[in-house]
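S.K.: Take this sequence and fold it.
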Amino acid sequence: MYTQNEYSQPSFGQPPPAPAPAPQWIGATPQPMNYAGQWSSGLCDCGSDVTNCCITCWCPCITFGQLAEIADTGTTSCAVHGAIYTILLAFTGCQWIYSCMYRTKMRQQYMLHEEPCNDCLVHFCCEPCAMCQEYRELKHRGFDMSLGWHGNMERANHAAVTPPFAQAGMKR
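M.R.: Below is the predicted model of the structure:
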């Protein structure tokens, strides 16, 4: 038998072993994994992305359009979702029902918990906070919201096809 000190600790004057390098994923859209069901940020963490917070407060149709296009996997454009949201906001004031459906859809896609309460209540009480949280979640999962669904898929496909660049070494 060996003792733990013989094999796990470096000898006196020896540097500690280097940590193993992190794996490199090539060609996949980055999707960091959280604990099952956990959001990457809290509902009231709007200040962590001030630009998105301001856009969502002043023109929520833009943020909602971006979220809905990603949640719908590009079947309907950002502009169409934003226009529907704006019409509902202007004529009924019940746009939160429409946006809450997309929170539910996104939660189901990424297996997120319904926190801090049900989706409709979150959107009814604080819709800007809910949309900012959803936006941050998609960014955390590797989406560039300005590209839309198709742009993100092209970026992921391009990364999978592009061969690595090797610099010229010594020449004979």
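S.K.: who's in contact with the most centrally placed residue in the chain?
M.R.: For the chain, the residue nearest the mean C-alpha position is Leu138 (2.2 Å; C-alpha atoms, centre = their mean). Shown in contact with Leu138 (C-beta atoms under 8 Å, 6 or more residues apart in numbering): 67, 70, 106, 145. From N, CA and C alone the C-beta is placed, and that goes for glycine too.
S.K.: in the helix or strand containing Ala79, what counts as buried?
M.R.: Using DSSP states H and E, Ala79 maps to helix 78-91. For helix 78-91, the neighbour count (16 or more other C-beta atoms under 10 Å) marks 78, 81-82, 84-86, 88-89 as buried.
S.K.: gap between the helix or strand hosting the residue nearest to the centre of the chain and the chain center?
M.R.: Following DSSP H and E, one finds Leu138 within helix 119-140. Mean-position distance between helix 119-140 and its chain equals 12 Å (C-alpha atoms, centre = their mean, to the nearest Å).
S.K.: helices and strands around the very next helix or strand once past that helix, which ones?
M.R.: Beyond helix 119-140 on the C-terminal side, the first helix or strand identified by DSSP H and E is helix 148-161. Applying 3 or more C-beta pairs under 8 Å, 6 or more residues apart in numbering; DSSP states H and E, one finds that helix 148-161 contacts helix 60-71.
S.K.: tell me the mean pLDDT over stretch 37-54?
M.R.: Across stretch 37-54, pLDDT averages out at 89.
S.K.: ok, residues contacting that stretch?
M.R.: By C-beta under 8 Å, 6+ apart, stretch 37-54 touches 32, 34, 56, 63, 111-113, 115-116, 122, 126, 128-130, 132-133, 135-137, 139-141.
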